[in-house]
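# Build me a structure from this.
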Amino acid sequence: MLTEHRRQVILERLRSRKAVKTTELSETFAVSSMTIRNDLNALAEQGQLVRVHGGAITRQWLTAEPSYDDKTNINHLEKEQIGKHAAALVEEGMAIFVGNGTTTMEIIRHLPQERRFRVFTNALNHALEVNQLPQAEVFVLGGYLREVSLAMVGRLAHQALKGIYFDIAFLGVNGISIDHGLTIPSLEEAETAAEIIERSQRTIIVADHTKFGIVAHGKIADIIDIDAIITDSGLDARLMDSLSNLDVEINTVMV
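Residues are numbered from 1 along each chain as shown. As a prediction, this is how the structure comes out:
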């Protein structure tokens with residue numbers, strides 16, 4: 001395959017998946033990792049993509065935020081497996097918080113039906129899904145509904161959190177960076193998520209491998225402020241080692 005043709009195919013894959021890995025592209029095109037890195041560097045110089053550790057992501061502003069519907073079909077299999085793993089951690093009698101997002105929705109869909117627990121959420125679609133479980137009590141934070149993410153945020157949401165604490169909080173993020181921490185595009189959602197972490201005995205981040213190395217507009221917390229990350233097996237091994245050095249539990253699911 002000619003160089004220009006290969007680079008065009010890389011861009012097409014990037015548009016559909018939002019992120020690509022050097023190792024996967026090397027196997028796909030049967031070329032060396034160095035050749036792929038040269039391709040990605042050249043495309044980055046043209047402004048076609050953004051280089052990150054182990055691959056590349058689509059070029060976008062820090063405040064860019066895809067809608068819930070846009071994210072639904074991206075890496076769906078990875079999100080489903082992550083959700084199953086996270087849901088299995090919910091035990092009888094727990095009070096849990098599940099943040100908004102497409103990965104956290106997979107937690108909701110796989111909650112154990114044989115146990116009783118309380119679910120708090122700031123996402124209306126999550127609450128409606130949990131409501132189908134007769135053994136689960138559902139509590140929804142009030143506030144301003146952000147149409148793009150279906151999250152409830154603002155002063156009313158903060159008031160609703162007063163005097164409430166959680167056994168486990170499951171949160172999704174748009175970016176995980178060793179240097180810059182956990183980030184999402186919305187400052188209001190970041191503020192709410194930060195408060196949830198303070199009110200939870202254990203905080204678990206659920207995110208597929210494409211979220212690593214990404215930095216969005218609003219910082220939630222540093223990685224050392226959370227207890228665990230559940231991701232998929234596509235996470236780069238070197239990055240996993242770096243995260244492990246931060247004393248954060250890393251759980252990977254096979255896809």
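# contacts, neighbours, all on C-alpha from now
Fine.
# Can you list the helices and strands that the strand or helix carrying Ala44 packs against?
Element membership of Ala44 [criterion: DSSP states H and E] is helix 33-45. Helices and strands touching helix 33-45, by 3 or more CA pairs under 8 Å, 6 or more residues apart in numbering; DSSP states H and E, are helix 3-17, helix 22-29, strand 49-52, strand 55-58.
# Quick one: closest of the ones you listed to Thr121.
Thr121 lies closest to helix 3-17 among the helices and strands packed on helix 33-45, at 27.9 Å (CA to CA).
# what distance separates that closest one from the centre of its chain?
Relative to its parent chain, helix 3-17 has a centroid offset of 24 Å by CA atoms, centre = their mean, to the nearest Å.
# Return the distance of the spatially closest residue to Ala207 that is not a sequence neighbour relative to Ala151.
Leaving aside its sequence neighbours, Ala207 sits nearest to Thr231 (CA to CA, 6 or more residues apart in numbering; 5.3 Å). Thr231 is 22 Å from Ala151, where distance means CA to CA, to the nearest Å.
# quick one on the thing from earlier: with respect to burial, which of the helices and strands packed on helix 33-45 scores highest?
Of all the helices and strands packed on helix 33-45, strand 55-58 carries the top mean neighbour count, a mean of 22, counting by mean count of other CA atoms under 10 Å.
# what about the closest residue to Arg17 other than its chain neighbours, neighbour count?
The spatially closest residue to Arg17, leaving aside those adjacent along the chain, is Ile74, at 6.4 Å (CA to CA, 6+ apart). Using other CA atoms under 10 Å, Ile74 is surrounded by 15 other residues.
# Report the secondary structure state of Ile74.
Look at Ile74: counting by DSSP: H, G, I helix; E, B strand; the rest coil, its state is coil.
# roughly how far apart are it and Val119?
26 Å.
# In this structure the residue nearest to Ala207 contacts Val253, no?
Yes. Counting by CA atoms under 8 Å, Thr231 touches Val253, with 6.4 Å between them.
# how is this protein carved up into domains?
According to automatic domain parsing, the chain is divided into the following domains: 3-58, 68-253.
# TSV for these, including mean pLDDT?
TSV is the format used below for the domains of the chain (pLDDT from 0 to 100):
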stretch	mean pLDDT
domain 3-58	89
domain 68-253	94
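# ranking these by burial, who's on top?
domain 68-253 comes out most buried of those by mean count of other CA under 10 Å, with a mean of 19.
# Pretty sure Thr231 sits in a strand.
Yes. Counting by three-state DSSP, Thr231 is part of a strand.
# Contacts only, for the most centrally placed residue in the chain.
Geometric centre of the chain, nearest residue: Ala207, 3.2 Å, by CA atoms, centre = their mean. Counting by CA atoms under 8 Å, 6 or more residues apart in numbering, Ala207 touches Lys79, Ile82, Thr103, Gly172, Val173, Asn174, Ile229, Ile230, Thr231, Asp232.
# Hmm, Gly234 and the second one touching each other?
No. Ile82 lies out of contact with Gly234 (CA under 8 Å); the separation is 12.0 Å.
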